[in-house]
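Peer 1: Sequence and predicted model, in that order:
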Amino acid sequence: MSISTRISGFRSFVLSCFVVTVTVGLLPAQPARAQGLPLIRDTEIELLLNDYSQKIFRAAGLGTGRVTVRIVNNEAFNAFVVDGRNVFMNTGTLMMANTPNEVIGVLAHEAGHIAGGHMAALRSRIAKDQTRALLIQLLGIGAMIGGAVSGGDSGREIGSAGQGVMMGGNELIMRGLTAERRSQESAADQAGLSYLNATQQSGRGMLATFERFAGQELFSDAHRDAFARTHPVATDRLARLRQLVETSPYFNNTDPPDLQARHDMMRAKLSGYMEPPATVFNRYPVSNTSFPARYARAIASFRQGGGGLEQAISGADALIRDQPNNPYFWEIKGDFLQKAGRAQEAIGPLRKALQLHKGDAPLVSVQLAQALLQTKQAQYTNEAVDLLRKAVQREPDNASAYNTLGQAYYDKGLMAQAELARAQGLFYFGAVKQAQEFAKRAQNGLKAGSPDWVKADDIINFKPQT
């Protein structure tokens, strides 16, 4: 079952990137294109991560809104950056981190990589090493060819020497990259701690994370977490980090209770949607009457199937009774009903969730629009179009919103607009060739030179970078 069919408010899309086996890597110019990392989206989790990160990003000189924290559907503990605009955080990291401070510490470290320009440095290094590797290979191949031409024992010796040149050259390149990685990791540690100090937050969470994985360097890659592989922790580096953290005047600062409560709800939500229901019920037994436990059990009940739907709705209703102004409780109830094929009943809870978000929740807007269209009632079509147009204004690269908008325009009989919206959805999903086909069809029904015609023309003439 795909993520998008089993996660409340979670919207699955795929992002293509080339990640070098260090913390940083290379990303195509259009980051949300084609296949690669499976990302999930959820309003509650994204807003919480935004609250975790914004003070850190400002302290790092990255401003507000420039860097986005994206959630990777992967159970391993890991986080990484691939450009200067995104930090990628695995769901496993969010579920394993016991406190907000642990996640904030990871974010501070990754912000250190971005602020330090480590991606640009790595790109430059790789470009130089590619040239160097080519020269080494040419030298090695030349020696091997020379040996083959001359023949005899001396020929075999020269050929072996040629292979040695290539192997030795590659080893030197890897040593250089490894040394640079260690330097960048240490710099990111110190930068991250400076951001934590600037925002009067403890580095205890960062230290706990690196201490946790330091011992894994003794294991083979098959038995090491991704974070331990991509963030090597040398003994001296860990000692320096511990000294800096423990001497900080903010070492004993703790997370505010309301932030910890939101963190616990996030972990419960992820558990409910991503772990087997039996695991969820074991982790959050009925004897646990806390909000996170009830949240997780309601979601897990829905995912059980069968009679679990009514139990899930009952659980959501009980949560709503206790916290009627919590938009996420209304959202999961609407999600349960919509996914169960009861779109008409889902409209009310989703509208309430959007109202509690004061209309500013594009993911909820898209889900509400989808429910409206699923009823097949013409009276809802204009409302769906309005919701979706606002959603794409707020998030211009939301492929799901464009695809749903295409359906809404189709239902209204606006074929050219429907083709254009489908083209935009495919484009932002990464299917450029299919997007260009839809854009060409859209242009045939649009007035030449109009804003929509120009949008279609931009897609038609787009040339992916190689």
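Peer 2: Yep, that arrived. Numbers count the residues shown, from 1 in each chain.
Peer 1: for Asp264, phi and psi?
Peer 2: Phi and psi for Asp264, reported as degrees, to the nearest 10, are phi -60, psi -40.
Peer 1: quick one: contacts for the residue lying closest to it once chain neighbours are set aside?
Peer 2: In space, and not counting its chain neighbours, Asp264 is closest to Pro292: 4.5 Å by C-beta to C-beta, 6 or more residues apart in numbering. For every residue, glycine as well, the C-beta is placed using N, CA and C. Contacts for Pro292 (C-beta atoms under 8 Å, 6 or more residues apart in numbering) come out as 264-265, 267-268, 284.
Peer 1: My read is that Ser301 contacts Ala316, right?
Peer 2: No: with contact defined as C-beta atoms under 8 Å, Ser301 does not count as touching Ala316 (9.4 Å).
Peer 1: So for the two, which sits in the more crowded spot?
Peer 2: Neighbour comparison, Ser301 and Ala316: the larger count goes to Ala316, with 28 against 25 (by other C-beta atoms under 10 Å).
Peer 1: Okay, the more buried one and Asn382: tell me how far apart.
Peer 2: 29 Å (C-beta to C-beta, to the nearest Å).
Peer 1: before we move on, what about Asp458?
Peer 2: Asp458 is 27 Å from Asn382, by C-beta to C-beta.
Peer 1: now do Gly445
Peer 2: In this view, Gly445 and Asn382 are 20 Å apart by C-beta to C-beta.
Peer 1: same thing with Ala278?
Peer 2: Ala278 sits 44 Å away from Asn382, going by C-beta to C-beta.
Peer 1: With Arg70 instead?
Peer 2: Here Arg70 is placed at a distance of 33 Å from Asn382 (C-beta to C-beta).
Peer 1: same check, this time on Arg389
Peer 2: For Arg389 relative to Asn382 (C-beta to C-beta), the value is 11 Å.
Peer 1: what does Gln374 give?
Peer 2: 16 Å.
Peer 1: For the two, indicate the residue with more neighbours.
Peer 2: Gln374 (18 against 12).
Peer 1: show me what contacts that one?
Peer 2: Contacts for Gln374 (C-beta under 8 Å, 6+ apart) come out as 338, 343.
Peer 1: Averaged pLDDT, whichever strand or helix holds Leu94. What do you get?
Peer 2: Taking DSSP states H and E as the definition, Leu94 sits inside helix 91-96. Averaged across helix 91-96, pLDDT comes to 94.
Peer 1: which residues touch the residue nearest to Arg303 when sequence neighbours are not counted?
Peer 2: Distance criterion C-beta to C-beta, 6+ apart; nearest residue to Arg303, sequence neighbours excluded, is Pro277 at 5.5 Å. Pro277 makes contact with 300-301, 303-304, 308, according to C-beta under 8 Å, 6+ apart.
Peer 1: again, 6 Å this time
Peer 2: Pro277 makes contact with 300, 303-304 under the criterion C-beta atoms under 6 Å, 6 or more residues apart in numbering.
Peer 1: buried stuff in stretch 242-250?
Peer 2: In terms of neighbour count (16 or more other C-beta atoms under 10 Å), stretch 242-250 has its buried residues at 244-245, 248.
Peer 1: Now it: average pLDDT?
Peer 2: Mean per-residue pLDDT for stretch 242-250: 94.
Peer 1: Please enumerate residues in contact with that stretch?
Peer 2: The contact list for stretch 242-250 (C-beta under 6 Å, 6+ apart) reads 193, 197, 200, 202-203, 207.
Peer 1: Ends of it, what's the gap?
Peer 2: Start-to-end span of stretch 242-250 (C-alpha to C-alpha, to the nearest Å) is 14 Å.
Peer 1: Tell me how far it lies from the chain's centre.
Peer 2: 30 Å (C-alpha atoms, centre = their mean, to the nearest Å).
Peer 1: try stretch 298-315
Peer 2: Distance, stretch centre to chain centre, for stretch 298-315: 28 Å (C-alpha atoms, centre = their mean).
Peer 1: avg pLDDT for it?
Peer 2: Across stretch 298-315, the per-residue pLDDT values average to 93.
Peer 1: got any ranges where the stretch 151-300 of the chain has weak pLDDT?
Peer 2: 151-183, 214-234 (pLDDT under 70).
Peer 1: show me where it has helices.
Peer 2: Using DSSP state H, counting those that start in this stretch, the helices of the stretch 151-300 of the chain run over residues 152-198, 204-214, 226-230, 235-246, 257-274, 277-283, 291-304.
Peer 1: tell me which of the contacts of Pro277 is nearest to Asp42?
Peer 2: Checking these against Asp42 by C-beta to C-beta gives Arg303 as the nearest, at 15.3 Å.
Peer 1: number of nearby residues for the closest one?
Peer 2: 21.
Peer 1: quick one: it from Thr64, how far?
Peer 2: Arg303 sits at a distance of 36 Å from Thr64 (criterion: C-beta to C-beta).
Peer 1: Which helix or strand contains the nearest residue to Leu350 once chain neighbours are set aside?
Peer 2: Residue nearest to Leu350 in three dimensions, not counting chain neighbours: Gly334, with 3.7 Å by C-beta to C-beta, 6+ apart. Under the criterion of DSSP H and E, Gly334 resides in helix 327-339.
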